[in-house]
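# Turn this into a model:
(one chain, ligands or ions: 2)
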Amino acid sequence: MKIVSVLGARPQFVKASMVSRALRSSGAEEVLVHTGQHYDGNMSAIFFSQLGITEPKYNLEVGSGLHGEQTARMLERIEQVLMIEKPHWTLVYGDTNSTLAGALAAAKLHIPVAHVEAGLRSWNRAMPEEINRVLTDHSSTLLFAPTATAVQNLYCEGINGNLVKFVGDVMYDAALFYGQQAEAGSDILSHYSLRPKEYILATIHRAENTTDRSRLQAILKGLASIADKMRVIVPLHPRTKRVISAHSELQRASASLQMIPPVGYLDMAKLEKHARLIATDSGGVQKESFFYGVPCITLREETEWIELLQLGCNRLAPPFSAEAVKLAIEQSLNDISTTSESPYGDGKSAPRIAELLLS
Ligand code: UD1
Ligand code: UDP
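Numbering: from 1, shown residues only. Ligands and ions are numbered 1, 2, ... in the order given. Below is the predicted model:
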C-alpha cells in the first residue's frame, strides 16, 4: 500500500507526525510531499526534527503568495509527483491551501483522497479555510471526522455516510504523546523567567485578524490592558510580525506584550500547559487549551470546535474593540475548565486512520 501525504503548514506537521508513525508501524509505504507553504526554520524544520517526521521525498518550495498563485503552483507540482508515484491514496490534512491543492490534484488524476479533519465548518465563507475544507471534503473518498459534529455536517451536505469515518482528533493523540515529553524536554519557562499560572499565552495569525488592522489593534490593546497585572507572552506568527512591523500604531499597542519568535511544538505545549489563560485565533491551540485544562478565549466571531463552547471551556471574544477583548479576558481568568467529557476521541485516532487506509 503506497500513500502520498501532502503537508505544507505548521499544524499539518503536528497532525502528520502521529499518522505517519502509525502508518510506519502498519507497514504502509508513505511518501511525504512538503509543498513549502511554510518554510522558516521555526515554522517547518523544527517540527520535522522534534516530532521525528521522515524527511520529505519532495519539497515543492512554493513559498508564499496570493491564494490563487500559491495554490496553482502547488497544484502543478503535486500533479507531477502523483504521476510519478502513482499511490493508492493521497492523504491530506486540515484546511490550508496545501490541503486543497493536494486533494484537487489527486481527484483529477482519479487517485482516491483521504482527508484528516474532515467535516469541520465555521459557516463563514469569507475564511479561506472554509473554502478549502468544503472543496476538499467534496473531493474525498475517505473522510476522517474528528468529532460527532463534523460527521453530522458531512451528512447534512449529502456526503455518502459510508465514506465518513468518525476517528477522533489526531491532535489529541499528539497532545497525549508529546504533552508529557514537553514537561522534561522544554526549558522555555525558565528561559523567559515565566512562573506557572502567572502569564497569559496568546497567538494571532488568522487572515481576518491581520488584514483588518483595526481588529489586530483591538487584540493587541486588549491584551496590553492586562499586561501590567500579568505577563502576556506571544509567540508571533511571521504573518502577524510583518503587519505589526509595518505600522507604528500597532508597535505602540504591543509595546507591553512579550513578543517572541514562533516556538517548537514541545515549547508550545509547555507554554500552554502552564498558562493561566490562552487567547488565540488558532484552531489547534483552542483544542490544546482544552486538552491541558487551561481556560481559553477565541479571538473570532465563531469557531469550528463548538464542543469547547458547549462545555464552557472556551469563550468567543470577537475583537471588535480593545474593551471587548479585555472584558473577555477578565471574565475568563477565573474560569475553571473541568469536564469529564471527551469529544475528541480516545487518543487513538492515528492508528485508526492507518487501519482504515490499509483496509
Ligand atoms: C496558513 C493557513 C491557515 C493556518 C496557518 C497555520 C491557508 C490559506 N492558511 O496561514 O489555515 O491556520 O497556515 O499557521 O493555507 N510566512 C513567513 N514564513 C513562513 C510562512 C509564512 O514569513 O515560513 C509569512 C509570509 O509573509 C506569508 C504569510 O506569512 O505571506 C502567510 O503565510 P501563509 O502560509 O500564506 O498563510 P498563514 O497565515 O500561515
Ligand atoms: N504551535 C507551535 N508553536 C507556535 C505556535 C503554534 O508549535 O509558536 C503549534 C500549536 O501548538 C498547534 C499548532 O502549532 O499544535 C497550531 O498551528 P497554527 O496555530 O499555526 O494553525 P491552526 O491550528 O490555526 O490551523
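
# Now do the contacts for Ala218.
Pro319, Phe320, Ser321, Ala322, Ala324, Val325 (C-beta atoms under 8 Å, 6 or more residues apart in numbering). For glycine as for every other residue, the C-beta is placed from the backbone atoms N, C-alpha and C.

# Not counting sequence-adjacent ones, nearest residue to it?
Take Ala218 and drop its neighbours on the chain: the residue closest to it by C-beta to C-beta, 6 or more residues apart in numbering is Pro319, 4.3 Å away.

# Tell me if I'm right that the one you found and Leu223 touch.
No - applying C-beta atoms under 8 Å, one finds Pro319 not in contact with Leu223, separated by 10.0 Å.

# Spell out which residues are contacts of both of the two.
Taking C-beta under 8 Å, 6+ apart as the contact rule, Pro319 and Leu223 both touch Val325.

# Can you confirm whether stretch 89-107 lies near ligand 1?
Yes - residues of stretch 89-107 contacting ligand 1 under C-beta under 6 Å from any ligand atom: Asp95, Thr96, Asn97.

# repeat for stretch 263-282
No - for stretch 263-282, no contact with ligand 1 is found by C-beta under 6 Å from any ligand atom; the gap never falls below 6.5 Å.

# pLDDT of that stretch, averaged?
Taken as a whole, stretch 263-282 has an average pLDDT of 98.

# Show me which residues of that stretch are buried.
Of the residues in stretch 263-282, 263-282 count as buried by neighbour count, 16 or more other C-beta atoms under 10 Å.

# hmm, back to that, check the gap between the residue nearest to Ala218 and Val243 for me.
14 Å (C-beta to C-beta, to the nearest Å).

# Please identify which of those two sits among more neighbours.
Pro319 (27 against 17; other C-beta atoms under 10 Å).

# Tell me if I'm right that Ala182 and His274 touch.
No - in this structure Ala182 lies outside contact range of His274 using C-beta under 8 Å: 9.9 Å.

# Which single one of the contacts of Ala218 is nearest to ligand 1?
Distance to ligand 1 across the contacts of Ala218 (C-beta to the nearest ligand atom) is lowest for Pro319, with 16.5 Å.

# how close does Ser64 sit to Glu208?
18 Å.

# quick one, which of these two is more surrounded?
Between Ser64 and Glu208, counting by other C-beta under 10 Å, Glu208 is the more crowded of the two (18 against 13).

# Now do the contacts for that one.
Contacts of Glu208 (C-beta under 8 Å, 6+ apart): Ala126, Met127, Arg215, Arg300.

# and for stretch 74-85, what are the contacting residues?
Here stretch 74-85 makes contact (C-beta under 8 Å, 6+ apart) with 2, 4, 6, 8, 31, 33, 35, 37, 58, 60, 62, 90, 97-98, 101-102, 104-106, 108-109, 111.

# Selecting buried members of those in PyMOL, what would you type?
Remark: buried members of these, expressed as a PyMOL selection using 16+ other C-beta under 10 Å:
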select buried, resi 4+6+8+31+33+35+37+58+60+62+90+97+98+101+102+104+105+106+111
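
# among the contacts of stretch 74-85, which are in strands?
Within these, residues falling in strands by DSSP state E are Lys2, Val4, Val6, Val31, Val33, Tyr58, Thr90.

# Nearest to Ala202 among those?
Val6 (30.0 Å; C-beta to C-beta).

# Same list (the ones in strands among the contacts of stretch 74-85) but as a markdown table, adding pLDDT.
Listed next are the ones in strands among the contacts of stretch 74-85 as a markdown table, based on pLDDT from 0 to 100:
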| residue | pLDDT |
| --- | --- |
| Lys2 | 98 |
| Val4 | 98 |
| Val6 | 99 |
| Val31 | 98 |
| Val33 | 99 |
| Tyr58 | 98 |
| Thr90 | 98 |
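
# Tell me which residues touch the residue nearest to Glu249 when sequence neighbours are not counted, please.
Using C-beta to C-beta, 6+ apart and skipping residues adjacent in sequence, the residue nearest Glu249 is Gln217, 6.5 Å away. For Gln217, the contacting residues are Glu249, Leu250, Ala253, Ala322, by C-beta under 8 Å, 6+ apart.

# try 10 Å this time
Residues in contact with Gln217 (C-beta atoms under 10 Å, 6 or more residues apart in numbering) are Ile244, His247, Glu249, Leu250, Arg252, Ala253, Ser254, Pro319, Ser321, Ala322.

# Same check on Leu236?
202-205, 242, 244-245, 254, 257-262.

# These: which two are farthest apart?
Arg242 and Gln258 (18.6 Å).
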